[in-house]
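Trainee: Give me a 3D structure for the following:
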Amino acid sequence: MADHVDEYLQKGMYGEKQTKPDERRKFLGTLRERIVLALTQPQVRKSGINHEAEKAMKENTQAHLYLNGNMNYEYLSKYIKSASKYKVEYTIVTNKEHNSDIGLVLAYDYAIDKENIFVDDEKPHIQPEIKKQKTGFFAKLFGGK
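Mentor: Predicted structure coming up:
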């Protein structure tokens, strides 16, 4: 009987016991095994919407979108619009005690165990070096163009 009272009081003071609380704090309230896709805060802050994230929302309309509420709404609004477009439910998660480096998570409420959940940033396009032809005085004098 005393154990039940103590457990009841603990639940009232601290909330329900959660499995893997550190993992849940990092992934905006969900578990790693449930995630389809995750973006870091810098990736969410980039201009335009991440194409991988939009594709994932389009293909996983039954998943839930979790957005980091510690970020400026300006960055989150484009993902909210996309979630609405594909009828994906979303939640803005604000944890005042912990600011995760994760900015966005698309996850199911059950385990899917996807191996690679993070999106690699697009590689910058490497432009080939263009060799300039010399057009100085001697180049012109000796047949240069």
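Trainee: Low-confidence stretches in the protein?
Mentor: Residue ranges of the chain with pLDDT under 70: 1-2, 15, 122-145.
Trainee: Which residue lies nearest the spatial centre of it?
Mentor: Of all residues in the chain, the one closest to the mean position by CA atoms, centre = their mean is residue 39, 1.8 Å from it.
Trainee: Give the helix, strand or coil label for the residue lying closest to that residue once chain neighbours are set aside.
Mentor: In this structure, residue 39 finds its nearest non-sequential neighbour in residue 104, 4.3 Å apart by CB to CB, 6 or more residues apart in numbering. C-beta coordinates here come from the backbone N, C-alpha and C atoms, glycine included. At residue 104, secondary structure determined by DSSP: H, G, I helix; E, B strand; the rest coil is strand.
Trainee: Just list whatever residues bridge to residue 104.
Mentor: With beta bridges defined as DSSP bridges, residue 104 has these partners: residue 39, residue 67.
Trainee: got the contact list for it?
Mentor: Taking CB atoms under 8 Å, 6 or more residues apart in numbering as the definition of contact, the neighbours of residue 104 are 37-39, 43-44, 53, 65-68, 76, 79.
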